[in-house]
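Novice: A predicted structure for the sequence below; I have some questions about it.
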Amino acid sequence: MKEIIWHGHATIQLNSQEKNVVIYIDPYNLSDKNNNLDNNKLNNNFDNNLDKADIILITHAHYDHCSLADAIKVSKPTTIILSTADCLKNLEKLDVNKKVIVEPNKKYDVNGIIVETIPAYNINTKFHPKEKKWVGYVITINNKKYYHAGDTDEIPEMSAFKETTLSNIDVAFLPIGGTYTMNAEEAVKAANAFNPKKVIPIHYGNVVGTKEDAELFKEKCNCDVEILEEN
């Protein structure tokens, strides 16, 4: 099983064989064998070809990040969901082990997996207001740190936390599609703010942004950049 799978848009799947854990971040528009999913049948038992999540992390309440249908596809009775409060309201009918409301600048221990939250917001537009308290996530698994920035611009916290929460990030998932988030050139500045070891661009190819934006980001960024093929 691959360590990192990009399911398109902002959906990332992390797999740790050492911890025997599968984590989904912002599951959305996931393809499976069951194209006629009834959202009222929340029994987690239908057949599909997707790995089931031990942990689901959701950054905010927009439909392309907080999707009940997609949470159903990858959840199981023992799944734990961490999400902002407004998104959890949309997932009330989902029957899983535990649902945790998150806020920015907090730390959560999920069965030995450390999950920290970073603010995620727009500075020059109103699509993602800071007052909503939406988040990005830093996940630490076996001393390896992953940062999923959520829907955000380049924000002051990225440099402010470079010696703390965002120090020694092994892999950062940064949105580069523009319009609702930072664009490719702004994402370069964001990467330079905290110097991750590797960046994987996300949030393009679906709602906004193209692979050309990802290529532009790779061309201009000083750090190691890997452009993943959509799973």
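Specialist: Okay, I see it.
Novice: ranges for the strands of this structure?
Specialist: 4-6, 12-16, 21-25, 55-58, 80-83, 98-101, 107-110, 113-119, 135-141, 144-148, 171-175, 198-202, 224-225 (DSSP state E).
Novice: Within its local environment, how many residues does residue 12 see?
Specialist: 24 (other Cβ atoms under 10 Å). For glycine as for every other residue, the C-beta is placed from the backbone atoms N, C-alpha and C.
Novice: Also residue 140?
Specialist: 16.
Novice: correct me, but it touches residue 110?
Specialist: No - applying Cβ atoms under 8 Å, one finds residue 140 not in contact with residue 110, separated by 10.6 Å.
Novice: what sits against the most centrally placed residue in the chain?
Specialist: What sits nearest the mean C-alpha location of the chain, by Cα atoms, centre = their mean, is residue 25, with 3.7 Å. By Cβ atoms under 8 Å, 6 or more residues apart in numbering, the residues touching residue 25 are 10, 11, 12, 13, 14, 56, 57, 58, 59, 137, 148, 173.
Novice: Bridge partners for it, pull those for me.
Specialist: Per DSSP bridges, the residues bridged to residue 25 are residue 12, residue 57.
Novice: any idea how far the nearest residue to residue 115 once chain neighbours are set aside lies from residue 133?
Specialist: Of all residues not flanking residue 115 in the chain, residue 108 sits nearest, at 4.6 Å (Cβ to Cβ, 6 or more residues apart in numbering). The spacing between residue 108 and residue 133, counted by Cβ to Cβ, to the nearest Å, is 15 Å.
Novice: Near the residue nearest to residue 107 when sequence neighbours are not counted, how many residues? Count them for me, please.
Specialist: Counting by Cβ to Cβ, 6+ apart, residue 107 lies nearest to residue 116, which is 4.9 Å off, once chain neighbours are set aside. As a burial measure, residue 116 scores 22 neighbours (other Cβ under 10 Å).
Novice: out of the contacts of residue 25, who's nearest residue 197?
Specialist: Using Cβ to Cβ, residue 173 is the member of the contacts of residue 25 that sits closest to residue 197, with 12.9 Å.
Novice: ok, the closest one - contacts?
Specialist: 10, 12, 25, 146, 147, 148, 149, 199, 200, 201, 202.
Novice: Could you report the pLDDT at residue 18?
Specialist: With respect to pLDDT, residue 18 scores 87.
Novice: Can you pull the poorly scored residue ranges out of this protein?
Specialist: Scanning the chain for pLDDT under 70 picks out the ranges 32-47.
Novice: can you pull the contacts of the residue nearest to residue 107?
Specialist: Contact analysis of residue 116 by Cβ under 8 Å, 6+ apart lists 106, 107, 108, 137, 138, 139, 140, 165.
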